[in-house]
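Asks: Dropping the sequence and predicted coords here.
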Amino acid sequence: MIIGVFKEHFDKKVGLVPIVIKKLNKKGYSVIVESTAGRKSFIANADFEAAGAKICTRENIFKNADIVISYTPLKDDEIRFLKKGCIYISHFKSYVYKEVAKKLQAQGVWAFSLDMIPRSSIAQSMDVLSSMSSIAGYKAVLRAADLLPRYLQMMITSAGSIKPAKVFVIGAGVAGLQAIATAKRLGAIVEAVDTRLETEDEVKSLGGKFLKVDGAKQATDQGYGAMQSQEFIAKQRALMFEAISNSDIVICAATVRGTKAPVIVTREMVETMRRGSVIIDLASDAGGNCELTEDNKTVIHNYVHIVGDANLSDAAVIDASTLFANNVYNYLNYISNDDLKIRTDLTEDEIFTSSCISTPK
Amino acid sequence: MIIGVFKEHFDKKVGLVPIVIKKLNKKGYSVIVESTAGRKSFIANADFEAAGAKICTRENIFKNADIVISYTPLKDDEIRFLKKGCIYISHFKSYVYKEVAKKLQAQGVWAFSLDMIPRSSIAQSMDVLSSMSSIAGYKAVLRAADLLPRYLQMMITSAGSIKPAKVFVIGAGVAGLQAIATAKRLGAIVEAVDTRLETEDEVKSLGGKFLKVDGAKQATDQGYGAMQSQEFIAKQRALMFEAISNSDIVICAATVRGTKAPVIVTREMVETMRRGSVIIDLASDAGGNCELTEDNKTVIHNYVHIVGDANLSDAAVIDASTLFANNVYNYLNYISNDDLKIRTDLTEDEIFTSSCISTPK
Amino acid sequence: MEQILDLLLFCASILLIIGLRKLSNPASASKGNLIAAVALGLGVLVSILYPVVTDDNNYLIIVIGISIGAIIGIISSHRVQMTKMPEMVSLLNGFGGLAAALVSLVWLINNDFSGETGQLVIVLLNLFLGFVAFLGSLIAYGKLSGKIQDKHLRISFSTLINITLLVVAISAMIFFSISGNLSITHLCVFIALSLLYGFIFVAPIGGADMPVVISLLNSLTGITAAISGIMTDNKLMLLGGVLVGSSGIILTLLMCKAMNRSLLSVIFGNFSSSKGGESSVDGDVKEINPSDLAIQLAYSSRVCIIPGYGMAVAQAQKTIKDLESVLESNDVEFKYAIHPVAGRMPGHMNVLLAEADISYDKLLDLEEANDYLASTDVAIVVGANDVVNPSALEDPTSKIYGMPILELSKTKSVVVLKRSMKPGYAGIQNPLFFKDNTKMLFGDAKESIELILRELKDL
Amino acid sequence: MEQILDLLLFCASILLIIGLRKLSNPASASKGNLIAAVALGLGVLVSILYPVVTDDNNYLIIVIGISIGAIIGIISSHRVQMTKMPEMVSLLNGFGGLAAALVSLVWLINNDFSGETGQLVIVLLNLFLGFVAFLGSLIAYGKLSGKIQDKHLRISFSTLINITLLVVAISAMIFFSISGNLSITHLCVFIALSLLYGFIFVAPIGGADMPVVISLLNSLTGITAAISGIMTDNKLMLLGGVLVGSSGIILTLLMCKAMNRSLLSVIFGNFSSSKGGESSVDGDVKEINPSDLAIQLAYSSRVCIIPGYGMAVAQAQKTIKDLESVLESNDVEFKYAIHPVAGRMPGHMNVLLAEADISYDKLLDLEEANDYLASTDVAIVVGANDVVNPSALEDPTSKIYGMPILELSKTKSVVVLKRSMKPGYAGIQNPLFFKDNTKMLFGDAKESIELILRELKDL
Amino acid sequence: MNSILQLLTDNLDIIYLLVFTVFLGFEIISSIPTVLHTPLMSGSNAISGVVLIGAILLIRQTDPADYLTLSLAFLGIILGTINLVGGFAVTHRMLEMFNKKKK
Amino acid sequence: MNSILQLLTDNLDIIYLLVFTVFLGFEIISSIPTVLHTPLMSGSNAISGVVLIGAILLIRQTDPADYLTLSLAFLGIILGTINLVGGFAVTHRMLEMFNKKKK
Ligand SMILES: NC(=O)c1ccc[n+]([C@@H]2O[C@H](COP(=O)([O-])OP(=O)(O)OC[C@H]3O[C@@H](n4cnc5c(N)ncnc54)[C@H](OP(=O)(O)O)[C@@H]3O)[C@@H](O)[C@H]2O)c1
Ligand SMILES: NC(=O)c1ccc[n+]([C@@H]2O[C@H](COP(=O)([O-])OP(=O)(O)OC[C@H]3O[C@@H](n4cnc5c(N)ncnc54)[C@H](OP(=O)(O)O)[C@@H]3O)[C@@H](O)[C@H]2O)c1
Ligand SMILES: NC(=O)c1ccc[n+]([C@@H]2O[C@H](COP(=O)([O-])OP(=O)(O)OC[C@H]3O[C@@H](n4cnc5c(N)ncnc54)[C@H](O)[C@@H]3O)[C@@H](O)[C@H]2O)c1
Ligand SMILES: NC(=O)c1ccc[n+]([C@@H]2O[C@H](COP(=O)([O-])OP(=O)(O)OC[C@H]3O[C@@H](n4cnc5c(N)ncnc54)[C@H](O)[C@@H]3O)[C@@H](O)[C@H]2O)c1
């Protein structure tokens, strides 16, 4: 079985890293990597070769690979180059995958989207969203702390006392929790909201304060946030108006799978914030939790920075690539039998069915 | 007494902030501020006015103010506009002040450089270097952590374990210590070196590990680092070669007052560092502790970021302006008598004499 | 001669007290036990040499009896397993009770079943207590060893019967004593009454409370020894018996306190039912108390903490760090096994343990941990659940089958700290809790560890 | 009648034991004191009513004597200041000793200065001990109250003289007793010897060790009471005296242990000189021990920590957090006064306290702190020095004159935790350490606080 | 009533002793750590084997021909010895673990 | 030697009692916390005022005309009472602070 790793065009990550390639070789796979695919992840071609991979061209991969890996999906016009029956592992964003799926189906390939794995204990080792959200939450706070023209921690110095900064985290999923932990570490006062009841304990378990809004709908079975009623959102907004205008940093990490992200931070709220404050919106690719967010841009509104970056995991690209590669490895292990072929007994399996978006007829 | 605050041209800070202006008003000073002087510090003209200051033009200040404040020194060609006998408080960098001093003397003004205050306990409330170094050390780590394409903390996750990053701090002065504290908070493994013996305890008191190099010359009486012998530097280099090539982040904060900063991180060292590593050089304005540092630039050498920024305090400009303003306030209080005139009994005073660089004859 | 023997007896008493004192301190307990043994040996010697009115002496029988007893005692005590000690103690106590009863019987026979009222009251009391201690101890033994199950011995109105019987026995005692002379029938009736009471006293008490009961019965045996001392005018018996009697009562109360119960509720509470409510719903788990855990920890070489989401909820990380310091100062190797998905976000445990300043070197990831756990003496699972669930390995129908877990099957002893038998995130039951080498310590994790710490400081 | 009185005396003994038991536990000590008082009251009553051979009785004198004594006792005990308690106790003990000596004298007079050898030995021993306790206690009182200075009483070869005198006194005692009859001269010589020994025994011991000495003398008085009990055949006196004697000796040993000394070194060590070495170099600082500090903390309403660079060096922040938890659970208000330049970098204290998870609300900056400190019961300076140096306010020649500091002059009590008398960063001596309301606790800050914590748990 | 009083005062010495011993027993035990509960129970159980002395004293006064009494007392001696010896031995084993502390 | 032995065995009961009392005294005190050292010293000092009983018993047997003896005993009573009453009162004051605990 030959695994091919493409160079990414819209992302810094790379699908496999040397350490994982070694493990794959041991299993019996051989790996070919597009030249300079690792450059943005700080991995040289030589590093890949040292790990046992071959460097080759993109065409080469399309021609030879039985399994192709690319963190971001291929451009639509490249799908037709895929070998019939080959396995294509990527990270199709859940709310756009349907159109792509049709094309892949037509091409007759297996396609798996690792971001659609269910949030169960057993699936966690293949769960790309978990890995990436965790990095994003961590980096969101660092980015914000770097941008904030203030200390986060309290300081009593001979040139005056400095109050600790307030950090407000919206959505205590994986990213939100990591953000809470990181902000706490830096000495900020941290508050968070979420609609899922159990997050209250989770927030507290990291030293954060939980702002409670009653009447939330609970999460779906798969553990993804549920869409909330208008009334609830209004209530929440009132409570949060105050919280947000008092915050120095707002981390937006509330998403609902497959739909637009809930808008929670409105323009008025932003306008009541202190000058110099920072909003990091990790939901920007789904419209953002902040009304003013623009995806992949940093907007400055009324002296408030609003960073729309759903791909902050790229800011820790070395770790992000490694984690992704491990996720891929674990996933391949899970879906393959000892012959490295796809197991046939998985038709009922939740992980398999929810991540598989195209099967060759 | 009228105090005039200029708009800065090379810096984001502003000489006085509203809170301090109120305190000055109470003492009997009146304050005039150049229009938009506070913009980069996130202070609007209106905020100054609300605190009791008047907004005016630059010429106005030259004409009316008895005391003028500017964080960065005025351009040489503006010195001639200063009123004879007026008091000029600024932050002349210690190794360039001599030429300026002559011109100021010629103009017949009092000039005080707040960065030249001795490092004694009593002077600390006026010590601008302390305030700014502290911010710089803090921001240096945040900047580095944001740039580093990795987690700083250790993580054991289902997609692989991540080792904690190593941070190496050179020079455990105020900036270095703050950097150690901040990196520790973020979960990194922190090592530090300094030539002063007492810093060993200080580093440990923040949870850092001290790398000892024997045979260092001790600091000057005033507490500033001393110039070291060539032999010592060689020894140090050998020990540090290893430390640096194993580090993910290097924070350079070793300076020696009035001379070029010691070069400690050589090109070879940088070239042995892992790709993606980050060096923050806070001594860049004095030539830098790293051979490759360029002042006010971020150099990427061999995939290693080398940030030369001696003015990182600007990254927390709100706090930096506040602390500077408080330093100024404390200094004014110290050198003035109840009539707000300069005290005449200070001719022997260490703080006064070391910071005063020009007196009207 | 007699004087010297009297003084020897005096010395024996003093030694006995010194022995008991030393017994009550862990550092000297072993020595105390020896001293007490020497004291009693001295006492026995004196009792053999002491001049008596008649000189039948029967030395041969005495020597034979002592030899047989000593051999049985030594052999059985060396054979018994450490875990069966409480059974052994209750058996021994039963023997002591019977011996006291026999002393009374012999006294009665030697005195032709008659005597002054005062004497007879004392002798009958001794007989009564001796038989109660005897049968009671045997039943306790049966319950402890599992030979008798609580359900075999359900008695209705046990409290009522208990009190009635007691009143009857006391009345009989007084009545017979005043008469000044006992018929054999009377004696048999009285013995039967005593045995019956012994049965009614212990039978309804739940197996879990047996240690308390044994301590109480032990105190009774002490009192019989004291009475025997009065009967035979021997100060050592008197004082030794009184010491055992009084210390036994205090010990009983202390044990009740440690279990958070009152003595009355133990005796009359019939609480085999009230106990173990919540936990027994889900099968038979074994609980451990903080004090036993503390001693186990102190005397082990390798301890491993397995933190989970519950540690985060309880915010127990700093307390765990304290435990680490205390145990490490006791030369115990102390590590942390971090499961990759423990907690509710990647690195959850890392963040918290770093906050408590726990050295990175001590953290083991899954693979290292599974090696380590195979040679660990005690693994403490602090609010983890799914990540130690052996169904992931053993039960192909389980939701989490196939997930790598921290494997505790080879660990000598596992203690789980959680508040209830509720499942964790995955919502499934955990067979680990029912394994042989697993014990549960219910309660908030932080509070439990604080209790352990307190006990450790007592050691 | 006599029987009932005997039983009453028995009850009094039991009450006395119960009283003493309760006295040894802080929670019940006050009650224990009352019970012991009742027990002795009962004993006195019985002694008045008990039938005696002669019936001169002299009741009037007895009543008058008791009344006078009671009035003096009550009034003086209410007048005395809390801080002068130890002096008071030593005075009272001296009275008790003299009373015992008087009892012996009266006995001798009543028995015409003659008796059996055994009796005489006992009586003379009582006389000896009584006078030793009497004079010893008076000297101890003098030393404690400062009326006698150590330097007034330098005696060379004191140990030698001590032992010689003791041998002489014992020989005299035996010699006189065997003769069976005492002349007045003999008696006077013996009394003189006793007083001399009392003087030689206590005089060379340093003022700092007086509490131990008083406890020892107290134990002696107890023994005299016990002997008086034998002389007058009164069990309560005998038992009470023995109790005081034995508990006094244990107490003395415990006190020595708490001071880290041996009893012998106290008595013969002449250690007024070995003591106070390092600290006294820099003038007179007062030390406090962790146990006294613990009780002071437990019973105060507001405590304020003043951390400095020493806290950072000792890494004591987490231990301080523990102290906070314990004291807050005792309803003590607990704050932190953060001086802006404490430590070695701006915000040094903030970073460390945040690491220990100390709430931001509890941190006071300079101004808030100076308000707060004026109404604080105990301020604990943890390794800070320059930032609490009052020279900054008081001494215009000081290097740091004019620097704002944390002002502790209005704080009721200040305790400084540091390792030595060395100066801090600024290199200047700190007059705070010599102030009236300041006490020093030398040692590593973390270790000191751990000691305090341990003591707090005993309370 | 009076006779009870008489009885009490006659035996006052022994009553003093008994009561003091009771106190002593309380006192000694009351501060023991929980970990010693079981060993102490076992140890004091061994002490109650002191009843063996009673059996010895009585058998020495028994008529060597009175087989019933002899055998009863003989049994008493055996049981008492088992209690005593076995008790101390068991306690010793339990306590050994306190000494097993490394180093 | 023999007479000493005789003396001992004759008074064996009282010796038992004394020794047990000594143990009891040790036992009661040995676990007290440091903070109670001073109050306990003061309390046991008060108890040693029990010597007052001796003075009372003796004065009751004194000839009312023997002024010397009477006055010595009288002084003994006064001193003993001061020790007793003053001692308990002082102890009481010291111990009050333990009760002063807020709430
Ligand atoms: N790491 C991640 O990124 C992540 C994210 C989401 C979900 N998960 C899932 O979370 C689970 C983690 O496993 P886990 O073993 O750490 O946790 P877990 O299986 O959820 O079990 C936690 C246990 O802690 C106990 N507990 C709660 N509060 C406690 C307290 N105050 N004191 C003592 N015990 C307490 C609970 O029992 P009682 O209620 O009886 O006390 C519970 O059984 C896995 O299933 C994992 O897949 C992980
Ligand atoms: N904050 C800043 O930015 C900064 C920067 C540089 C300098 N400074 C200067 O540093 C000083 C700070 O004042 P400070 O009161 O915090 O400190 P300090 O005056 O330097 O005194 C610290 C004290 O802590 C004691 N100590 C050290 N280790 C200890 C340990 N393990 N346990 C207990 N005590 C210990 C030392 O006494 P022993 O040796 O007797 O134990 C010392 O006297 C000021 O003079 C300030 O101007 C401040
Ligand atoms: N089993 C596993 O091991 C595992 C792995 C990863 C995640 N999870 C679980 O999956 C769940 C989702 O994690 P995620 O980070 O991907 O979540 P997500 O990205 O789907 O959503 C982020 C958070 O936003 C919240 N949210 C949605 N709408 C909101 C609103 N209007 N206001 C406030 N908050 C709102 C959601 O409740 C969620 O907590 C979590 O419970 C997490 O613990 C489980
Ligand atoms: N009294 C006060 O309150 C006060 C206030 C601020 C600073 N200080 C003291 O002043 C001193 C200097 O502080 P700073 O931050 O301005 O220092 P700095 O900027 O002058 O120097 C930074 C550090 O670099 C070190 N250094 C110099 N050459 C080096 C070399 N070749 N290798 C390694 N390290 C080298 C110096 O020892 C110093 O610690 C410190 O001791 C500080 O504690 C005192």
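Replies: Received, thanks. Ligands and ions are numbered 1, 2, ... in the order given.

Asks: can you tell me which residues contact residue 38?
Replies: The chain I'm using is chain A. A:Val14, A:Val17, A:Ala44, A:Asn45, A:Asp47, A:Phe48, A:Ser321 (CB atoms under 8 Å, 6 or more residues apart in numbering or on different chains). For glycine as for every other residue, the C-beta is placed from the backbone atoms N, C-alpha and C.

Asks: try again with chain E
Replies: C:Met85, C:Pro86, C:Val89, C:Pro211, E:Met94 are the contacts of E:Thr38 under CB under 8 Å, 6+ apart.

Asks: Show only the entries of the contacts of A:Gly38 found in helices.
Replies: A:Asn45, A:Asp47, A:Phe48, A:Ser321 (DSSP state H).

Asks: Take these and lay them out in CSV including pLDDT.
Replies: Shown next, in CSV, are the ones in helices among the contacts of A:Gly38 (pLDDT from 0 to 100):
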residue, pLDDT
A:Asn45, 95
A:Asp47, 95
A:Phe48, 96
A:Ser321, 96
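
Asks: A strand includes C:Ala342, no?
Replies: No. Judged by DSSP: H, G, I helix; E, B strand; the rest coil, C:Ala342 forms no part of a strand; its state is coil.

Asks: What is the neighbour count of it?
Replies: For C:Ala342, the count of nearby residues is 29 (other CB atoms under 10 Å in any protein chain shown).

Asks: What segments of the stretch 101-250 of chain C are helices?
Replies: Assigned by DSSP state H, counting those that start in this stretch, the helices in the stretch 101-250 of chain C fall at C:117-144, C:158-179, C:184-202, C:210-232, C:235-258.

Asks: same question but for chain E, I mixed them up
Replies: Under DSSP H, chain E gives helices at E:2-10, E:12-30, E:37-47, E:51-60, E:67-81, E:87-99.

Asks: Could you work out the most separated pair of the contacts of E:Thr38?
Replies: C:Pro211 and E:Met94 (13.4 Å; CB to CB).

Asks: Compare the two and say which is more crowded by neighbours.
Replies: E:Met94 (23 against 20).

Asks: What's the separation between the more buried one and ligand 1?
Replies: Applying CB to the nearest ligand atom, to the nearest Å, the value for E:Met94 to ligand 1 is 31 Å.

Asks: Surely that residue is in contact with E:Pro39?
Replies: Yes. E:Met94 is within contact range of E:Pro39, at 4.6 Å (criterion: CB atoms under 8 Å).

Asks: Report how many residues lie close to the spatially closest residue to E:Asp13 that is not a sequence neighbour.
Replies: Nearest non-adjacent residue to E:Asp13, counting by CB to CB, 6 or more residues apart in numbering or on different chains: F:Asp13, 4.7 Å away. Neighbourhood size, F:Asp13 [other CB under 10 Å]: 14.

Asks: Check the gap between A:Gly38 and A:Ser321 for me.
Replies: Separation of A:Gly38 from A:Ser321 (CB to CB, to the nearest Å): 8 Å.

Asks: intersection of neighbour lists for these two?
Replies: A:Val14, A:Val17.

Asks: partner residues bridging A:Val5?
Replies: A:Val33, A:Ile69 (DSSP bridges).

Asks: list the contacts for it?
Replies: Counted by CB under 8 Å, 6+ apart, A:Val5 has contacts A:14-16, A:31-34, A:37, A:53, A:61, A:68-70.

Asks: Is ligand 1 within reach of stretch C:398-410?
Replies: No. Judged by CB under 6 Å from any ligand atom, stretch C:398-410 stays clear of ligand 1, getting no closer than 7.3 Å.

Asks: And the contacts of A:Val5, which is closest to B:Ile156?
Replies: For those, the nearest to B:Ile156 is A:Leu16 (21.5 Å; CB to CB).

Asks: Pull up the gap between that closest one and ligand 4, please.
Replies: Counting by CB to the nearest ligand atom, the gap from A:Leu16 to ligand 4 is 42 Å.

Asks: Would you state the strands of chain C in chain order?
Replies: C:302-307, C:333-337, C:363-364, C:378-382, C:413-418, C:438-442 (DSSP state E).

Asks: one step back: redo the helices of the stretch 101-250 of chain C as TSV? Include distance to chain E and mean pLDDT.
Replies: Written out in TSV, the entries for the helices of the stretch 101-250 of chain C read as follows (distance: least, CB to the nearest CB, whole Å; pLDDT from 0 to 100):
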stretch	distance to chain E	mean pLDDT
helix C:117-144	8	92
helix C:158-179	14	88
helix C:184-202	12	91
helix C:210-232	4	91
helix C:235-258	3	89
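
Asks: Output those helices in a markdown table; the columns should cover distance to B:Arg267.
Replies: Output for those, formatted as a markdown table (distance: least, CB to CB, whole Å):
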| stretch | distance to B:Arg267 |
| --- | --- |
| helix C:117-144 | 78 |
| helix C:158-179 | 90 |
| helix C:184-202 | 87 |
| helix C:210-232 | 75 |
| helix C:235-258 | 69 |
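
Asks: quick one, what contacts C:Gly32?
Replies: C:Ile18, C:Gly19, C:Leu20, C:Arg21, C:Lys22, C:Leu23, C:Ser24, C:Asn25, E:Gly43.

Asks: Kindly provide the distance from A:Ile264 to A:Glu202.
Replies: From A:Ile264 to A:Glu202 the distance is 19 Å (CB to CB).

Asks: What of C:Met82?
Replies: Distance from C:Met82 to A:Glu202, by CB to CB: 43 Å.

Asks: quick one, which of the strands of chain C is nearest to chain F?
Replies: strand C:438-442 (28.3 Å; CB to the nearest CB).

Asks: for the closest one, what is the average pLDDT?
Replies: Per-residue pLDDT over strand C:438-442 has a mean of 91.

Asks: Let me see the residues that make contact with it.
Replies: C:279, C:285-290, C:293, C:408, C:413-420, C:432-433, C:448.

Asks: of the residues you listed, list those near chain E.
Replies: Subset of the contacts of strand C:438-442 in contact with chain E: C:Asn289, counting by CB under 8 Å from any CB of the partner chain.

Asks: coming back round to it: output the contacts of A:Val5 in TSV, with pLDDT appended to each entry.
Replies: Shown next, in TSV, are the contacts of A:Val5 (pLDDT from 0 to 100):
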residue	pLDDT
A:Val14	95
A:Gly15	94
A:Leu16	96
A:Val31	96
A:Ile32	96
A:Val33	96
A:Glu34	96
A:Ala37	95
A:Ala53	95
A:Ile61	95
A:Val68	96
A:Ile69	96
A:Ser70	93
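
Asks: what residue ranges in chain C score low on pLDDT?
Replies: C:55, C:150-154, C:260, C:269-283, C:458-459 (pLDDT under 70).

Asks: Burial check on A:Glu268, number of neighbours?
Replies: With other CB under 10 Å as criterion, A:Glu268 counts 12.
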